[in-house]
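**Q** could you work out the structure for the sequence below:
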Amino acid sequence: MNSITTLLKKNLKQSSMVIALVLITLLFQVLTDGTLLKPLNITNLILQNSYILILAVGMVLVIITGHIDLSVGSVAAFIGAISAILMINMQMNPVLAVIICLAAGALIGAWQGFWVAYVGIPAFIVTLAGMLLFRGLTLVVLQGQSIAPYPESFQKLSNGFLPDLFGGTDIHIFSIVIGVAVSLILIGLEINGRNNQLRYNFEVGSKGLFYAKLVAIFAVVNTFTYVLATYRGLPNILVILFVIIVAYTFVMKKTIIGRHVYAVGGNLKAASLSGVQTKKVTFGVFVNMGVLAALSGLIFAARLNAATPRAGNLFELDAIAAVFIGGASAYGGVGTVVGAVIGGLVMGVMNNGMSILGLGIDWQQAIKGLVLLAAVAFDIINKKKS
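**A** Numbers count the residues shown, from 1 in each chain. The predicted model follows:
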């Protein structure tokens, strides 16, 4: 009986943010008289929060290593400005321009990672300098003015939708097929994971709870894709997000690189004594953050269909808040990619719900600040208890 109680407490702790997301969603669904979960609004939620979720994926790795990056919003704006110069002013092929912009993001990440990892300057100082530097360079590149419009093919990066290969009219059939396929793959992975745990005599939940979980996965995934299918189907950016989340979750959970990232944040000296190349890991994490910040900037520019001097404003705060709300520790060594995405969705649903209710930006900022404080306080209190 004690083992079952312990298992339930463990699962509840792991799922606490999922439960919070569900409760917040239901609350705003009621308060907005059903507007929140309408197909059009769900699509808007995805499009509006995609660039923050991408930043959160990169930021969670930075925070796990015990650092922070305050420059991501400015880097996103700077890369957006470069993309406008290349694609609009110079008429460069969008694919080539995107590759150059991602490479520029990697170089920016390498520049900041060098000062943090090899010179030893605190990341707070380095990235604060980067925030000022790249915001200033954005103004220089754009000369204080917006540049628009982008080529239509580039706009589809953020605003486009998957075509319906089955020729659906009222319902996007291809999206439903993808939803069924993804749900079956997730169920297969859950079954395989449970079988592996049983093989090695790990403690698992009852069959009833497990089957209920499988039914819930199938229902949630397919309900979500069906709702999107009744509008225009799956947005291109949702596919990009899904690939990023799956890839980074795999790297962090199943590879040596992921274990080294956690080791560096958990105990830097112990990791170094264990043979982990701590400087290279830190450097790599900042390079990765630079690439994802660049991608975020491209997606934001494509959605706005313009490069503006004020692009990326406060993106870093939203990304950091998403990571901490998603369960990352302020001390490093703890956090997950999925948790950061769920934290970002919590912020996104709150923003969207409060906007629908007509709540001013002042109150929205105040409420987000309180939620962030509560999330970090919850983490610290749990650490003291343990």
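**Q** can you report how many residues neighbour the residue nearest to residue 268 when sequence neighbours are not counted?
**A** Nearest non-adjacent residue to residue 268, counting by CB to CB, 6 or more residues apart in numbering: residue 278, 6.0 Å away. From N, CA and C alone the C-beta is placed, and that goes for glycine too. The local packing of residue 278 (other CB atoms under 10 Å) involves 18 other residues.
**Q** shouldn't residue 278 be in contact with residue 267?
**A** No - taking contacts as CB atoms under 8 Å, residue 278 lies outside contact range of residue 267: 10.3 Å.
**Q** how about the helices in the stretch 101-250 of the chain?
**A** 123-142, 152-159, 173-199, 207-229, 236-254 (DSSP state H, counting those that start in this stretch).
**Q** possible to save these as TSV with mean neighbour count and mean pLDDT?
**A** Supplementary listing: the helices of the stretch 101-250 of the chain in TSV, determined by neighbours: other CB atoms under 10 Å; pLDDT from 0 to 100:
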stretch	mean neighbour count	mean pLDDT
helix 123-142	19	96
helix 152-159	17	93
helix 173-199	15	93
helix 207-229	15	92
helix 236-254	16	95
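**Q** how about those in TSV, adding distance to residue 75?
**A** As requested, these are exported to TSV (distance: least, CB to CB, whole Å):
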stretch	distance to residue 75
helix 123-142	5
helix 152-159	18
helix 173-199	32
helix 207-229	31
helix 236-254	17
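**Q** nearest approach to residue 349 belongs to which of those helices?
**A** helix 207-229 (13.7 Å; CB to CB).
**Q** tell me which other helices or strands the closest one touches.
**A** helix 39-64, helix 173-199 (3 or more CB pairs under 8 Å, 6 or more residues apart in numbering; DSSP states H and E).
**Q** switch to 10 Å and redo it
**A** Other elements packing on helix 207-229 under the criterion 3 or more CB pairs under 10 Å, 6 or more residues apart in numbering; DSSP states H and E are helix 2-14, helix 39-64, helix 173-199, helix 236-254.
**Q** tell me which of the ones you listed sits nearest to residue 332.
**A** helix 39-64 (6.2 Å).
**Q** count of residues packed around the residue nearest to residue 113 when sequence neighbours are not counted?
**A** Leaving aside its sequence neighbours, residue 113 sits nearest to residue 286 (CB to CB, 6+ apart; 3.1 Å). For residue 286, the neighbour count with other CB under 10 Å is 31.
**Q** using the three-state scheme, assign residue 286.
**A** Three-state call for residue 286 (DSSP: H, G, I helix; E, B strand; the rest coil): helix.
**Q** run through the residues that contact it.
**A** Residue 286 makes contacts with 58, 61-62, 65, 67, 69, 71, 106, 108-117, 123, 126-127, 130, as judged by CB atoms under 10 Å, 6 or more residues apart in numbering.
**Q** tell me the spacing between it and residue 334.
**A** 19 Å (CB to CB, to the nearest Å).
**Q** so residue 259 touches residue 253, yeah?
**A** Yes - counting by CB atoms under 10 Å, residue 253 is a contact partner of residue 259 at 9.1 Å.
**Q** so what's residue 355 closest to, chain neighbours aside?
**A** Closest residue to residue 355 apart from its sequence neighbours, by CB to CB, 6+ apart: residue 364 at 7.5 Å.
**Q** how about residue 344?
**A** Using CB to CB, 6+ apart, the closest residue to residue 344 is residue 322 (3.7 Å).
**Q** same check on residue 289?
**A** Distance criterion CB to CB, 6+ apart; nearest residue to residue 289, sequence neighbours excluded, is residue 58 at 4.3 Å.
**Q** these two touch, right, that neighbour and residue 322?
**A** No - look at residue 58 against residue 322 with CB under 10 Å: they stay out of range, at 11.1 Å.
**Q** any weak-confidence spans in this protein?
**A** Low-confidence segments of the chain, defined by pLDDT under 70, span residues 1-15, 379, 382-386.
**Q** point to the residue nearest the middle of this protein.
**A** residue 53 (2.6 Å; CA atoms, centre = their mean).
**Q** residues touching that one, list them.
**A** Counting by CB under 10 Å, 6+ apart, residue 53 has contacts 46, 237, 241, 244-245, 296, 299, 318-319, 322, 340-345, 347-348.
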